[in-house]
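Enquirer: Build me a structure from this.
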Amino acid sequence: VKLVESGGGLVQPGGSLRLSCAASGFTFSNAVMTWYRQNLDEERDLVASIGSEGSSHYADSVKGRFTVSRDNTGNMAYLQMKSLKPEDTAVYYCSARYWPSGGGSEYYDYWGQGTQVTVSS
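Expert: Below is the predicted model of the structure:
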């Protein structure tokens, strides 16, 4: 199982970035994909999640600015970030909660290695 994030970098306030998460090793359509972010010495916070059929959920702090999406054919998840603020600076992680049977009590959580997003002038 592998989750590989890409697309992070340095951007000015008000700018945009698109993060990508390439998934492999499991049935992607059986997973809920979630983006988290974390700064040093802080807790990892949920940013946005998306179910297999496209239902999404956002943290209040990013609503209206971030959009989560997925491509079940290509096994990809995305986080489009607009109107970025300095407080969005963090390491962003892609996570998958995977149900081998498509549901039920057996599930597994997988994590990527993270990608740094820095919003600064």
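
Enquirer: Pull the contacting residues for the residue nearest in space to the middle of the chain.
Expert: The centroid of the chain falls nearest to residue 35 when counting by Cα atoms, centre = their mean (2.4 Å). Residue 35 makes contact with 19, 21, 46-49, 68, 77, 79, 92-95 under the criterion Cβ atoms under 8 Å, 6 or more residues apart in numbering. C-betas here are computed from N, CA, C, even on glycine.

Enquirer: Just give me the neighbour total for residue 63.
Expert: A count of nearby residues for residue 63, using other Cβ atoms under 10 Å, gives 10.

Enquirer: Surely residue 91 touches residue 113?
Expert: No. With contact taken as Cβ atoms under 8 Å, residue 91 and residue 113 are classed as non-touching, separated by 9.2 Å.

Enquirer: Tell me which of those two has more neighbours.
Expert: Using other Cβ under 10 Å as the criterion, residue 91 and residue 113 rank with residue 91 on top: 18 against 11.
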